[in-house]
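Chemist: coordinates only, no sequence provided:
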Ligand SMILES: Nc1nc2c(c(=O)[nH]1)N[C@H]1C(S)=C(S)[C@@H](COP(=O)(O)OP(=O)(O)OC[C@H]3O[C@@H](n4cnc5c(=O)[nH]c(N)nc54)[C@H](O)[C@@H]3O)O[C@H]1N2
Ligand SMILES: Nc1nc2c(c(=O)[nH]1)N[C@H]1C(S)=C(S)[C@@H](COP(=O)(O)OP(=O)(O)OC[C@H]3O[C@@H](n4cnc5c(=O)[nH]c(N)nc54)[C@H](O)[C@@H]3O)O[C@H]1N2
Ligand code: SF4
Ligand SMILES: [Mo]
């Protein structure tokens, strides 16, 4: 920290607003953040900042943020003390569990949990304390297919290969728009700059997206395929590689089984067969395959548009299959597994326990669990369907499923049926308004930051820690302490010191580590090791412990001594050490995948002609459902409009600036029309996270421009069967012009 005047100083803060994790320099006047810019000295982001990061000060001081807990009394939420709030939780949750069993308490974890230290450290302890299997997270609206394919192929749901963006010579990118999203499952500050650098060093970029996005405009080749058909295209590419003898596993050959089985499995997916379904031509499928095989190095990378679709897990699996059979997995310039500073130190290659799916199922629709989670799309029915095991109470942390999950109106009603609900959320929004207790975390400037999740998904190994930039305001509670107290309140230890939760976690970790022959502390004294940990809070001490036990043997003090971060070098090969399959090898055609292939084969034919399908989109100044409340980010081109291609607009009588009704399985919504060639014919697009028109929220800016909730078009029944991920892209809709009415919100 440097002082520029007695009351103005600067402080560093890693940006928590997307997966790029840019380093920010905050200007602090008194205890107030007044400005944010990119930190030029940050070892990873080197000064990059986007409009959201630049709006950090506005976000931090949003007057609509809650500044005290809220507790429901006589039907109304009113400000309360922290003691009252936790007392209420301790009175209710253990009693509900005691009466009806652990599974009647549901837990919902939303996206910002991967952007806070609290969300990285405490939810596993909360789940252990509750002993509930009723876990629902944003993963089943997002990347669960990647966890399932990584689990099945490599034996660990955490094994997600990341494209080696800075070294690859060819990137085949499907269903991602990093020029707006700044990247996902591929943490890379200044993703746009890194893509431009790829082109500058002579590399090539192919983008597969039904929309001509800003990312697609940067590409050498843009394939505007029919939404929902990526798995077919990818299977076609695999087919061509085998047919034309272009496969070459390189150093991986000894570590992969099932190659011949995959060759047979894709026999039907000829370029001719897939091209028609994808709306491309067989020649293009062949060219894309040859480019991939011919590149000096290449990476295939698929995201939201290839995950939240009918064949999300198959598409995610095929992405990895392509990287493997072209010899690009686990080699520089291909797709590699990062090695984060807080993961367990690598151990020698050995067969593992493998990855199982469907160890239990949801009560109402019998949906199989994946990675210990049930589909978010099944939450409403689990609350509203009577019978033994009905979810009666809910703990929602950093989640707004009323807007982010299918059929928000139904979930809205279901949440009203709960006996008790807790929200840990800074806003009173569409979801938290149903809570009986709302626990608000402080603004980000008052929290320490460490990226547990994204350092394990970054294009370069590096590590950074930022302590709170300003002191905790009077009356607020650090989010780690909120989580720790929540764990105590639900587990009958209400009133104990929150540090007890961290001490328990540290004790357990160390007890296991000193017994583990591969641990750097094997055979040492656990108490002495615990006494050596540094940190002002339980969370800091736990971070220090994870760093010490991690692959680089770092300490929290070292991170503090390097406020702009420590670069740990480019990604390096990790196979076979990372494999945890039962065979100890990459299992290229796992049984659940083989079992789902007939469904993909059926999709080769039987496509509904003339049907319009809907896809989503993100805007650079958006962040899912919760950043529409900032004047600097809302408005301009960041609007909830329906994008329609001019040919479709003419056919349907839609006019630019007019209004349209969009209908599908789950319902009907209305939105203003934008006629644009950005979408291909046959496809319309609406962004998600809008629909801020419900009563009882405190979102003064967002509720003035509510927009429509695209997820109201879904009824929650369309899921990728293996991962339980909701189909949010590529579902059929009908669109009709509406007579001119009141101006669009
Ligand atoms: N149609 C459609 N739907 C989608 C998507 C799509 O592409 N199309 N995308 C999906 C994806 S990828 C995701 S990840 C989900 C996201 O869906 P959710 O996980 O529900 O995330 P958000 O909608 O961003 O809501 C985040 C909540 O966290 C709160 N919050 C913000 N900061 C903090 C904090 O520091 N601590 C705590 N405790 N709370 C905080 C916010 O106020 C808000 O209530 O949406 C999904 N929904
Ligand atoms: N500005 C901004 N940044 C964000 C977020 C945000 O809301 N706003 N959300 C964050 C979160 S939670 C996530 S998970 C990431 C997501 O990051 P990305 O995966 O990059 O997400 P999108 O920008 O939605 O890009 C998805 C693309 O898939 C395309 N698409 C739709 N259907 C299909 C299909 O069937 N096939 C193919 N090939 N493409 C298809 C869409 O047109 C869209 O361009 O972004 C993160 N960053
Ligand atoms: S790109 Fe993401 S991490 Fe970087 S400043 Fe923008 S929102 Fe923050
Ligand atoms: Mo996401």
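Modeler: All right, it came through fine. In this text the structure is predicted, and so the values were computed from the model without any measurement. Ligands and ions are numbered 1, 2, ... in the order given.
Chemist: can you report how many residues lie near the closest residue to residue 201 other than its chain neighbours?
Modeler: Leaving out its chain neighbours, the residue that sits closest to residue 201 by C-beta to C-beta, 6 or more residues apart in numbering is residue 169, at 7.8 Å. For the C-beta atoms, the positions are set from N, CA and C on the backbone; glycine is no exception. Residue 169: 17 surrounding residues under other C-beta atoms under 10 Å.
Chemist: please apply the same query to residue 122.
Modeler: 30.
Chemist: partner strands of the helix or strand hosting residue 108, with direction?
Modeler: In the assignment (DSSP states H and E), residue 108 maps to strand 105-109. When pairing is defined by DSSP bridges, strand 105-109 lines up against strand 135-137 (parallel), strand 393-397 (parallel).
Chemist: dump the ones you listed into a markdown table; add mean pLDDT and mean neighbour count as well.
Modeler: Shown next, in a markdown table, are the strands paired with strand 105-109 (pLDDT from 0 to 100; neighbours: other C-beta atoms under 10 Å):
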| stretch | mean pLDDT | mean neighbour count |
| --- | --- | --- |
| strand 135-137 | 98 | 25 |
| strand 393-397 | 98 | 27 |
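Chemist: related to what we said a few turns ago, what sits against the residue nearest to residue 201?
Modeler: Going by C-beta atoms under 8 Å, 6 or more residues apart in numbering, residue 169 touches 198, 201, 202, 203, 204, 295, 296, 297, 298, 333.
Chemist: what about it, distance to ligand 3?
Modeler: Plainly put, residue 169 is 25 Å away from ligand 3 if you go by C-beta to the nearest ligand atom, to the nearest Å.
Chemist: again, but for residue 195
Modeler: Noted for residue 195: a distance of 14 Å to ligand 3, by C-beta to the nearest ligand atom.
Chemist: in space, what's closest to that residue - neighbours in sequence excluded?
Modeler: Nearest residue to residue 195, sequence neighbours excluded (C-beta to C-beta, 6+ apart): residue 218, at 5.8 Å.
Chemist: try residue 492
Modeler: Closest residue to residue 492 apart from its sequence neighbours, by C-beta to C-beta, 6+ apart: residue 94 at 5.5 Å.
Chemist: same thing with residue 181?
Modeler: Distances taken as C-beta to C-beta, 6+ apart put residue 618 closest to residue 181, at 5.0 Å, once the chain neighbours are dropped.
Chemist: tell me which element the one you found is part of?
Modeler: Per DSSP H and E: residue 618 is located in neither a helix nor a strand.
Chemist: ligand 1 contacts on the stretch 451-600 of the chain?
Modeler: Selection of the stretch 451-600 of the chain residues close to ligand 1 by C-beta under 6 Å from any ligand atom yields residue 479.
Chemist: how about the residues of this structure near ligand 3?
Modeler: 15, 17, 18, 20, 21, 22, 49, 50, 52, 53, 182, 189.
Chemist: any idea which of those residues is closest to residue 445?
Modeler: Comparing the residues of the chain next to ligand 3 against residue 445 with C-beta to C-beta picks out residue 15 as the nearest, at 11.3 Å.
Chemist: the closest one and residue 354: what is the separation?
Modeler: Residue 15 sits at a distance of 37 Å from residue 354 (criterion: C-beta to C-beta, to the nearest Å).
Chemist: can you check residue 65 too?
Modeler: From residue 65 across to residue 354, the span is 45 Å (C-beta to C-beta).
Chemist: repeat that for residue 207.
Modeler: In terms of C-beta to C-beta, residue 207 sits 35 Å off from residue 354.
Chemist: what about the two, which has more around it?
Modeler: Remark: of residue 207 and residue 354, residue 207 carries more neighbours, 26 against 17, as counted by other C-beta under 10 Å.
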